[in-house]
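*Asks:* what would the 3D arrangement of this be:
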Amino acid sequence: MLKREKYPVIEFDDCREAVINPSLLQSEYGVLPYNKLVISFFGEAIRILLDEGKISEYITVSGENPVVIYKFADADVLITHGMVGCPACAGNLDCLTGIGIDTVMFCGGGGSLDGKMEVGQLFVVDGAIRDEGFSYHYIEPSRIIYSNADVASKVCKHLDENRISYIRGITWTTDAMCRETRDRIAARREEGAKIVEMEQAGCLAVAQFRGIKYGAIIYAGDDVSGAEWDQRAWMSRKGLRYSLTELCKELVQII
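*Replies:* Just a heads-up that it's a prediction; the model follows:
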């Protein structure tokens, strides 16, 4: 039932069925025999994996913006290129739950809200400040949405065992990268956010709503904490981006 509010974005409807549901995809694609998926934002890493023969195209979910899904040659794990923003990234994730995806690892980059975070620092997502609109269609209004504690613990345990450096905490999910004002950055930093990005609140909401396992690692990229934006050549870290994609292949099999 829809709860009417002053502002549409916080009018939560707890009805589980919509007019369009992810299960509709089953009529065309069935239920996939593989349930584990890596969402990687690193297109060049996916291209390298293709060139190396480590992945191959498995299925394309058609639509206005088709979703190409690949499969790893040495594991029963799928991988797809993430799209920017909650409606695109988390919306695609929701659709894929309809054809059997129920375990997901996300890897991407985000803007550092802490100038002391070096570019490339790995960040395990424990939750996200919901400064966007998508997640409110899945989970009742709240300021922060939290990750599944068991999933996050398994991710951190694997990183610890392999002596991979990381920090953990909450992100700030925003819809508008060109509206990251100084006051808003300062406010989100005061709330404890270390990274700003555009997908986590939505993906976490889909995971909670659909009851799937979801974990995310973001690396510190550009720096928005200072008086001037510092890009820090963050998208050129090809080795890191490739390694993080491979790491998420390992993690999605143990969470």
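*Asks:* so for Leu49, what's the pLDDT?
*Replies:* Listed pLDDT for Leu49 reads 97.
*Asks:* ignore the last one, Arg237
*Replies:* Arg237 carries a pLDDT value of 69.
*Asks:* from what I can see Phe12 touches Glu140, true?
*Replies:* Yes - contact criterion Cβ atoms under 8 Å: Phe12 and Glu140 qualify, at 4.8 Å. C-betas here are computed from N, CA, C, even on glycine.
*Asks:* shared neighbours of these two, anything?
*Replies:* Counting by Cβ atoms under 8 Å, 6 or more residues apart in numbering, Phe12 and Glu140 have no common neighbour.
*Asks:* what is the neighbour count of Lys157?
*Replies:* Lys157 has 11 neighbours, counted by other Cβ atoms under 10 Å.
*Asks:* for Met1, that is, sorry about that
*Replies:* 7.
*Asks:* check contacts around Pro33.
*Replies:* Counting by Cβ under 8 Å, 6+ apart, Pro33 has contacts 76, 100.
*Asks:* likewise for Ile254?
*Replies:* By Cβ under 8 Å, 6+ apart, Ile254 lies in contact with 154, 158.
*Asks:* now do 10 Å
*Replies:* Listed by Cβ atoms under 10 Å, 6 or more residues apart in numbering, the contact set of Ile254 reads 103, 105, 151, 154-155, 157-158, 215.
*Asks:* where does the protein have low pLDDT?
*Replies:* Low-confidence segments of the chain (pLDDT under 70): 230-237.
*Asks:* thinking again about what came up before, using a markdown table, lay out the contacts of Ile254 together with distance to Gly53 and secondary structure.
*Replies:* Below are the contacts of Ile254 laid out as a markdown table (distance: Cβ to Cβ, whole Å; DSSP: H, G, I helix; E, B strand; the rest coil):
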| residue | distance to Gly53 | secondary structure |
| --- | --- | --- |
| Thr103 | 24 | strand |
| Met105 | 22 | strand |
| Val151 | 30 | helix |
| Lys154 | 29 | helix |
| Val155 | 28 | helix |
| Lys157 | 31 | helix |
| His158 | 26 | helix |
| Gly215 | 27 | strand |
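*Asks:* let's see the PyMOL selection covering just the buried ones among those residues.
*Replies:* Paste this into PyMOL to select the buried members of those, with burial taken from 16 or more other Cβ atoms under 10 Å:
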select buried, resi 103+105+151+154+155+158+215
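*Asks:* can you list the contacts of Ile254 in CSV and add distance to Cys86?
*Replies:* Below are the contacts of Ile254 laid out as CSV (distance: Cβ to Cβ, whole Å):
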residue, distance to Cys86
Thr103, 20
Met105, 18
Val151, 19
Lys154, 24
Val155, 21
Lys157, 28
His158, 27
Gly215, 17
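*Asks:* now for the contacts of Ile254: which two are most distant?
*Replies:* For these, the farthest-apart pair by Cβ to Cβ is Thr103 and Lys157; their separation is 16.4 Å.
*Asks:* show me the strands in the stretch 101-250 of the chain, by range?
*Replies:* With strands called from DSSP state E, counting those that start in this stretch, the stretch 101-250 of the chain shows them at 103-112, 122-131, 144-146, 167-174, 193-197, 213-223.
*Asks:* distance from the second one to the middle of the chain?
*Replies:* For strand 122-131, the separation from the chain centroid amounts to 9 Å (computed by Cα atoms, centre = their mean, to the nearest Å).
*Asks:* and stretch 15-28, by the same measure?
*Replies:* With Cα atoms, centre = their mean, you get 22 Å for stretch 15-28.
*Asks:* which of the residues in it are buried?
*Replies:* Buried residues in stretch 15-28, counted by 16+ other Cβ under 10 Å: 22, 25.
*Asks:* pull the contacting residues for Arg184.
*Replies:* Contact partners of Arg184, counting by Cβ under 10 Å, 6+ apart, are 131, 172, 174, 176, 196.
*Asks:* neighbour-wise, give me the winner out of the residues you listed.
*Replies:* Trp172 (29 neighbours).
*Asks:* show me what that one is bridged to.
*Replies:* Trp172 forms beta bridges with Ile129, Val196, as assigned by DSSP bridges.
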